[in-house]
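Student: any chance you can model this:
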Amino acid sequence: MNHPIRRVALVAALMFFALLANLSYTAVVRDSTLDADPRNRRTRDAEFAMQRGAILVGNTPIAQTQPSDGRFKFKRTYANGPLWAPVTGYYSYDYAHAGLEASYNTQLSGTDDSQFFGRVLDTITGDQPVGANLQTTLDARAQKAASDALGNRTGAVVAIDYRSGAVKAMVSKPSYDPNALASTDLSQARKAWQQLSTDQSRPMSNRGTKEVYPPGSTFKLVTAAAALEDGMEPTSTVESPVALKLPQTNTRLTNEVNCGGSTSTIDKALQVSCNTAFANLGMSLGAEKLREQSQKFGFDSALEGDLSPAVSRFPESPDTPQTAMSAIGQFDVAATPVQMAVVAGAIANDGQVMQPYLVQDVRNPDLSKLGSNDGKKLERAMAPRNAQALQQMMVNVVEQGTGTRAAVPGTVVGGKTGTAQSDPNRPPYAWFVGFSQDPDLAIAVFIEDAQVQRSEIAGGRLGGPIFRAVVEAMK
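Tutor: Numbers count the residues shown, from 1 in each chain. Below is the predicted model of the structure:
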């Protein structure tokens, strides 16, 4: 009898040990993961019972927590919700969070590891825990100007201080009101979610950072950069026929403009956005050099930071005709608007790529800093001399070429227009990408649906005035 009892006791001891080991592992290793799981209602109940930190633009809160008389002690409110929704995202009981509410959730809720001692002190003193505040880099003037200029058109505007990478404006339309999702009336919040998530215009999608599109002729900036880095000059010539038969195909690539002759300088080709010249330039450089140059600007890798944008891409193994089309921003080239703003910003910043970011400081309620961003250098995309040459080429686009509507009197402005084909059954996309000096801004304007006739769609005509409005607002 003793032998069976000993065996049962041993099995029971092993099971007890396994239970303790699992509990210890869960408490030490999985605790933060389980707390962050959106299905964890206990965590959400605890979060809704405390005062969440504010998200600020200047001294003005665009998201804050206020006392509530409903089921929860507090409720989240958003000032001018649709204007700032692409930045703040939403904070919802049933549908978790998005935007800055998601990327800085632990700091805002006061549960971050860096806030441990503050939580202990609150427990000792009996004070109500309060989350940290986020001081954003955004400028209310730039945000309003971008939103007003974009109007009711579907698209996005991203403006960055190219010296630091600080985002000054980020607009995406159509937008939505995050107050509806943050409602403590959960039945009303569920109705709002159902309406927004089934809306075919996708108002909750941040077109500035989370979606990629063919950049069209704005990608010619990358092709021009590759040519200059390869030893060519703005005055170097390239063949620019009226039509170009792509190798190995029966496809004829044509120009939307008069390129000025059978040959053109790279400078002139950029001014008038000559397709055949840049297709020839791309084929002469080859896919590998185009890919390397695009990657130096941030393509094929995450820009990371608190924006967490979608990855922009250059085709993996294009053949010769596909390389020609890639050189003009077509085929499988795809980019977010923030990526194209980074391209323009790196050129304006003498070739240095800066990581874009939205939050300047994370501060405790007593104003002590938990963290800050001061600008992070990424790749060097171009040699300073070549970047300065491309800056002048972009200035020529605005002063003498397709980008004249972006000109701002008394301010140096450089840019590049773009019109991108996406689907024969839908209108082309319109782009304008450029920079200004004093204010030092790099801006990408993307228009998905301009709500005009197809013949009226052009990056300079539609995007240029939006670019100009943002620059003027910041002067």
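Student: switch to C-alpha atoms for all contacts and neighbour counts from now on
Tutor: OK.
Student: strands along the stretch 201-350 of the chain, start to end?
Tutor: For the stretch 201-350 of the chain, the strands defined by DSSP state E, counting those that start in this stretch occupy 237-239, 243-245, 252-254, 263-265.
Student: which one, of those strands, ends up nearest to residue 139?
Tutor: When those are compared by C-alpha to C-alpha, strand 263-265 sits nearest residue 139, at 39.1 Å.
Student: one step back: columns mean pLDDT on top of the strands of the stretch 201-350 of the chain, output as TSV?
Tutor: Shown next, in TSV, are the strands of the stretch 201-350 of the chain (pLDDT from 0 to 100):
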stretch	mean pLDDT
strand 237-239	97
strand 243-245	95
strand 252-254	94
strand 263-265	96
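Student: I'd like those as TSV, with mean neighbour count and distance to residue 290 appended.
Tutor: Compiled in TSV, these are given as follows (neighbours: other C-alpha atoms under 10 Å; distance: least, C-alpha to C-alpha, whole Å):
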stretch	mean neighbour count	distance to residue 290
strand 237-239	18	17
strand 243-245	16	20
strand 252-254	14	19
strand 263-265	18	19
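Student: nearest to residue 194, out of these?
Tutor: Across the strands of the stretch 201-350 of the chain, closest to residue 194 is strand 252-254 (C-alpha to C-alpha), at 44.8 Å.
Student: start to end distance for stretch 261-268?
Tutor: In stretch 261-268, first residue to last residue: 11 Å (C-alpha to C-alpha, to the nearest Å).
Student: hmm, I was thinking of stretch 72-92
Tutor: Stretch 72-92: ends 12 Å apart by C-alpha to C-alpha.
Student: likewise for stretch 292-309?
Tutor: 20 Å.
Student: that one: how far from the chain's middle?
Tutor: 10 Å (C-alpha atoms, centre = their mean, to the nearest Å).
Student: in that stretch, what counts as buried?
Tutor: 292-300, 303, 306-307, 309 (16 or more other C-alpha atoms under 10 Å).
Student: now swap in stretch 63-74 and tell me
Tutor: Buried, per 16+ other C-alpha under 10 Å, within stretch 63-74: 63, 64, 65, 72, 73, 74.
Student: what's the closest of those to residue 167?
Tutor: Among these, and counting by C-alpha to C-alpha, the member closest to residue 167 is residue 63, at 17.8 Å.
Student: list the residues that contact the closest one.
Tutor: Residue 63 makes contact with 54, 55, 56, 76, 77, 78, 79, 88 under the criterion C-alpha atoms under 8 Å, 6 or more residues apart in numbering.
Student: go on, residue 94?
Tutor: So residue 94 contacts 186, 190 (C-alpha under 8 Å, 6+ apart).
Student: need the three-state assignment for it.
Tutor: coil (DSSP: H, G, I helix; E, B strand; the rest coil).
Student: my guess is residue 383 meets residue 348, correct?
Tutor: No - assessed by C-alpha atoms under 8 Å, residue 383 is found out of contact with residue 348, at 11.9 Å.
Student: okay, the two: which has more neighbours?
Tutor: residue 348 (28 against 15; other C-alpha atoms under 10 Å).
Student: hmm, back to that, compare the strands of the stretch 201-350 of the chain and give me the one nearest residue 333.
Tutor: Taking those one by one with C-alpha to C-alpha, strand 252-254 is closest: 17.0 Å.
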